[in-house]
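1. please work out how this folds:
(one chain, ligands or ions: 1)
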Amino acid sequence: MALAAARRLLLHAGSRLGRREAVDGARRFANKRVLVETEGPAVMKLRNPPVNSLSLECLTEFTISLEKLENDKSIRGVILTSECPGIFSAGLDLLEMYGRNPAHYAEYWKNVQELWLRLYTSNMILVSAINGASPAGGCLLALCCDYRVMADNPKYTIGLNESLLGIVAPFWFKDMYVNTIGHREAERALQLGTLFSPAEALKVGVVDEVVPEDQVHSKARSVMTKWLAIPDHSRQLTKNMMRKATADNLIKQREADIQNFTSFISKDSIQKSLHMYLEKLKQKKG
Ligand SMILES: CC/C=C\C/C=C\C/C=C\C/C=C/C(=O)SCCNC(=O)CCNC(=O)[C@H](O)C(C)(C)COP(=O)(O)OP(=O)(O)OC[C@H]1O[C@@H](n2cnc3c(N)ncnc32)[C@H](O)[C@@H]1OP(=O)(O)O
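-> Prediction:
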């Protein structure tokens with residue numbers, strides 16, 4: 001209920017902002033954690049500092065922005081990137097999965113599923129400009145895209161590292177990984193929780209292209225231009241043919257997946273693992 005109300009408020013605020021900024025001549029709309037520019041190829045920038053973690057609020061704003069773009073028939077493609085220096089997205093917000101109650105876990109997971117389904121089955125062309133670290137849920141966002149361009153900086157890594165946290169990547173994360181890099185590579189990378197450097201990610205197929213850091217955005221734009229030259233109807237039908245079975249696999253068991261997540265994440269042993277991981281992140285600083 002609370003989330004539905006927040007969603008209505010955000011949609012309302014979003015459309016107000018949209019109108020005001022259009023009057024200013026800049027074609028863009030924004031909410032607190034997501035900025036969307038629609039001048040030229042649409043660009044969606046995550047801006048949830050310090051690490052673009054996908055908190056419930058961030059997920060909600062992201063989903064709403066995507067919904068608005070999908071409803072604008074003049075927008076055929078979106079570049080997904082980050083405004084946080086050195087970070088594409090740190091993935092799901094660990095604080096949404098630690099020390100909360102089962103109802104919260106269920107609500108959070110429903111929203112993770114919702115964003116994934118929208119992104120993965122989007123009719124728009126999605127290109128990610130990966131300009132920073134992209135672990136777990138950050139990698140998931142990139143994997144939803146039709147093409148991935150990554151900055152050539154060995155400090156940036158990408159991959160589904162859940163097993164390093166003592167948790168398990170859900171089956172639909174796994175399905176998308178298998179679809180992208182094949183069964184053997186996915187099996188190994190998932191068990192080891194591998195975070196690939198850009199060069200490794202290119203080799204294994206997690207990303208499609210690695211370019212110097214200052215060219216990530218221009219490359220993403222030129223990729224978009226190429227994809228925009230393909231007729232929408234044939235490209236969309238082809239995308240749907242490639243992705244439908246994977247999306248349907250979650251759709252048919254959404255409730256069971258929420259229950260599985262809630263009971264798994266509520267376990268004492270899993271909460272303990274998350275606690276240790278969060279402590280490790282803190283200690284890294286000191
Ligand atoms: C049977 C199975 C059934 C169901 C499935 C069940 C479970 C599976 C569930 C979920 C799948 C999970 C998916 C995820 O995405 S989990 C998140 C994984 N993310 C990570 O491992 C990234 C962790 N972060 C980092 O490695 C670094 O922070 C990073 C490289 C991104 C940036 O490093 P930097 O040095 O620039 O910043 P830090 O000082 O490390 O961080 C700043 C600040 O931010 C906090 N932080 C970092 N990441 C997160 C996060 N993901 N969520 C929340 N908070 C995060 C970090 O603790 C620091 O906080 P503070 O000390 O308070 O400043």
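
2. how many neighbours does His217 have?
-> Around His217 there are 17 other residues, counting by other Cβ atoms under 10 Å. Every residue, glycine included, has its C-beta placed from N, CA and C.

3. ok, it - contacts?
-> Contacts for His217 (Cβ atoms under 8 Å, 6 or more residues apart in numbering) come out as Ile79, Thr81, Ala129, Asn131.

4. which helix or which strand is home to the third one?
-> When secondary structure is defined using DSSP states H and E, the element that contains Ala129 is strand 125-130.

5. immediately after that strand, which helix or strand?
-> Following strand 125-130 in sequence, per DSSP H and E, is strand 132-135.

6. now do the buried residues in that following strand.
-> For strand 132-135, burial by neighbour count (16 or more other Cβ atoms under 10 Å) applies to Gly132, Ala133, Ser134, Pro135.

7. residues of the chain that sit close to the ligand?
-> 50-51, 53, 87, 90-95, 133, 135-137, 161-162, 165, 167-168, 170, 260-261, 264-265, 281-282, 284-285 (Cβ under 6 Å from any ligand atom).

8. the strands in the chain, which residues?
-> 28-30, 34-37, 42-46, 53-54, 77-82, 86-87, 91-92, 125-130, 132-135, 147-151, 158-159, 209-211 (DSSP state E).

9. buried subset of the residues of the chain next to the ligand as a ChimeraX selection?
-> Restricted to buried positions by 16+ other Cβ under 10 Å, the ChimeraX selection for the residues of the chain next to the ligand reads:
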select :51,53,87,90,91,92,93,94,133,135,136,137,161,162,165,167,170,261,265
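
10. mind checking which of the residues of the chain next to the ligand land in helices?
-> Using DSSP state H, Gly137, Asn260, Phe261, Phe264, Ile265, Leu281, Lys282, Lys284, Lys285 are the members of the residues of the chain next to the ligand that sit in helices.

11. since that was my last question, I'll sign off now.
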